[in-house]
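Colleague: show me the folded form of this:
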Amino acid sequence: PTAGEFKAFDKRCTHAGCPVAEIVDGTITCFCHGSRFSITDGSVVRGPATEPHTEATATVSGDVVVVTD
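Modeller: Now for the predicted structure:
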């Protein structure tokens, strides 16, 4: 969301389980039905999804971002 801050969320849309595919204009985008989620907290920005994305833990180890759920 901001330089030096790392966030991670489930890779599947909460609407129908499709994989989310892209981050555009500060939102995580699902191409199956057009849902969009905030990159700052996973909240729904545009439906049809009604549930937010589940946040995972992102830690930085050297040059690598490690994601665990």
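
Colleague: what's the neighbour count on Lys11?
Modeller: Using other Cβ atoms under 10 Å, Lys11 has 14 other residues around it. From N, CA and C alone the C-beta is placed, and that goes for glycine too.

Colleague: mind listing what the closest residue to it other than its chain neighbours touches?
Modeller: Among residues not flanking Lys11 along the chain, Pro19 sits closest, at 5.6 Å (Cβ to Cβ, 6 or more residues apart in numbering). Shown in contact with Pro19 (Cβ atoms under 8 Å, 6 or more residues apart in numbering): Lys11, Arg12, Cys13, Cys30.

Colleague: give me the distance between the biggest strand by length in the chain and the centre of its chain.
Modeller: Taking DSSP state E as the criterion, the chain has its longest strand at strand 55-61. Chain-centre distance of strand 55-61: 13 Å, with Cα atoms, centre = their mean, to the nearest Å.

Colleague: can you list contacts of the following helix or strand past it?
Modeller: Next helix or strand after strand 55-61 toward the C-terminus (DSSP states H and E): strand 64-68. Here strand 64-68 makes contact (Cβ under 8 Å, 6+ apart) with Phe6, Ala8, Ala56, Thr57, Ala58, Thr59, Val60.

Colleague: angle of strand 64-68 against strand 55-61?
Modeller: Relative orientation of strand 64-68 and strand 55-61, computed by axes from the mean of the first three to the mean of the last three Cα atoms, to 10 degrees: 150 degrees.

Colleague: for the record, mean pLDDT for strand 64-68?
Modeller: Averaged across strand 64-68, pLDDT comes to 87.

Colleague: with only the CA atoms kept, save it in CSV.
Modeller: Below are the C-alpha coordinates for strand 64-68, written out as CSV (Å, rounded to 0.1, in the frame of the first residue of the first chain):
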residue,chain,number,x,y,z
VAL,A,64,12.4,-11.7,-0.1
VAL,A,65,8.8,-11.2,1.1
VAL,A,66,7.6,-14.3,2.8
VAL,A,67,3.8,-14.9,3.0
THR,A,68,2.2,-17.2,5.5
